[in-house]
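A.B. asks: build me a structure from this.
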Amino acid sequence: MRLPRSFLKTMTDCTLQRRSAWTSLAAGLLCLAGVVPSAAQTPGGEAPVVVDRREATRLLINQVAPEYPPLARVNYIQGQVRVEVLVSSEGRVTRVHVVRGHPLLAAAALRAVQHWLYRPFINKGGPAGFLTTVNLNFVLRSKKPEQVPLQPEADLRRQVKPPKVLTGQVDPGCASSVHMRVLLDDEGQVIDTQPLRGPASQFEDAKKTVEQWTFNPARWGTMSVPWYLDVDVPVADSTACSTAADPGGK
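C.D. replies: Numbers count the residues shown, from 1 in each chain. Prediction:
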């Protein structure tokens, strides 16, 4: 399904050259607003090819339009959501990660892009998985400028009761932590993660750990809503653990 231009525009802000090495991939993604690159890999474990916006758009054969969240409409929430999309060698979306965007809009974008379909990307070795970025613009065209509050996001934030961690513990004497931002859906399930600070070697372990935690979802009145939550995720530090177990280093 082709999306109306007035509602959704697909684009990227950085034109990335194809690279096969993971270090080059990370360097290319850093231009996308200075965030920590996600550990995107193809199902075979290889670093994916990075495909720029124009080429990825030519490969796109099915776009599912995200639904504009009703709560975002009534609170005048609009703007852009940028997502990082990992596509398999068969052209199916295997992972979507939010780079930035309001949580209500980001959750809607994730649900939609997961169902997009691409033609296989062909390189010298044949079909290959690839990584690209997509911007989805949510615009309330019907609203008159004078009707829109000056700070709609801040107004909504004051009304939302943030999510809370219900369960998620490890042995604090044998762990370090990664500071992460998690996106929770309206049921309190983790639907996306972004490491913000901590040892890069522990990002993947932290992601797996926090996905096992349970949360109370954010609430707007009596309604559960998608929302971000920043958490410190403890992860086992093998060096610290071995030192604690053997103080003499024997």
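A.B. asks: surely residue 203 is in a helix?
C.D. replies: Yes: read with DSSP: H, G, I helix; E, B strand; the rest coil, residue 203 is one of the residues of a helix.
A.B. asks: and the closest residue to it other than its chain neighbours, which of the three is it?
C.D. replies: Excluding the flanking residues, the one nearest residue 203 by CB to CB, 6 or more residues apart in numbering is residue 195, at 4.4 Å. Yep, even glycine has a C-beta here, placed from its N, CA and C like the rest. Following three-state DSSP, residue 195 is assigned to strand.
A.B. asks: tell me how many other residues surround residue 195.
C.D. replies: 22 (other CB atoms under 10 Å).
A.B. asks: then residue 147?
C.D. replies: Counted with other CB under 10 Å, residue 147 comes out at 9.
A.B. asks: not counting its neighbours along the chain, what's nearest it?
C.D. replies: residue 76 (7.9 Å).
A.B. asks: correct me, but the one you found touches residue 151?
C.D. replies: No: using CB atoms under 8 Å, residue 76 is not in contact with residue 151; the gap is 9.8 Å.
A.B. asks: packing partners for the longest helix anywhere in the chain?
C.D. replies: Taking DSSP state H as the criterion, the chain has its longest helix at helix 103-113. Identification of packing neighbours for helix 103-113 by 3 or more CB pairs under 8 Å, 6 or more residues apart in numbering; DSSP states H and E yields helix 70-74, strand 79-87, strand 93-100, strand 130-138, strand 175-184, strand 190-197.
A.B. asks: report all helices and strands that the next helix-or-strand element following that helix contacts.
C.D. replies: Following helix 103-113 in sequence order, the next helix or strand is strand 117-118 (DSSP states H and E). Using 3+ CB pairs under 8 Å, 6+ apart, the elements in contact with strand 117-118 are strand 60-62.
A.B. asks: please redo it, this time with the cut-off set to 10 Å
C.D. replies: helix 53-59, strand 60-62, strand 79-87 (3 or more CB pairs under 10 Å, 6 or more residues apart in numbering; DSSP states H and E).
A.B. asks: show me what the helix or strand following that strand is packed up against.
C.D. replies: For strand 117-118, the following helix or strand on the C-terminal side (DSSP H and E) is strand 121-123. If contacts are counted by 3+ CB pairs under 10 Å, 6+ apart, strand 121-123 sits against helix 53-59, strand 126-128, strand 130-138.
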